[in-house]
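In: generate coordinates for the sequence data below:
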Amino acid sequence: LLVKHSNGFVTAYAHNSKLLVKKGAKVRQGEVIAQAGKSGDVDKPQVHFEIRRGDRPVDPKRYIDSASVSL
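Out: Here you go, the predicted structure:
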């Protein structure tokens, strides 16, 4: 699942078991957009998260406050 942000960033979420939004939908911060799942060789449900600036991956630590992350 790719979410395009207005500032040129894209966030990517993989290993989803179910997508809860449709292509082209507008989403808001805090909205649940997918359910974690198992794909490939993983044995437990998990989320692969990535931040990209355009098409290049960037270090998410530069953009996410660890105190604000909820699991």
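In: and the spatially most central residue of the chain, what's its pLDDT?
Out: Taking CA atoms, centre = their mean, the centroid of the chain lies closest to Tyr13, which sits 3.4 Å from it. At Tyr13, the pLDDT value in this model is 94.
In: doesn't it belong to a helix?
Out: No. Counting by DSSP: H, G, I helix; E, B strand; the rest coil, one finds Tyr13 to be strand, located in no helix.
In: so who does it touch?
Out: By CB atoms under 8 Å, 6 or more residues apart in numbering, Tyr13 lies in contact with Leu1, Leu2, Val3, Ile33, Ala34, Val47, His48, Phe49. Where you see a C-beta, it was placed from the backbone N, CA and C, and this is true even at glycine.
In: that one - nearest residue in space that isn't next to it in sequence?
Out: Leu1 (4.5 Å; CB to CB, 6 or more residues apart in numbering).
In: what about that neighbour, how many residues close to it?
Out: Residues lying near Leu1 (other CB atoms under 10 Å) number 15.
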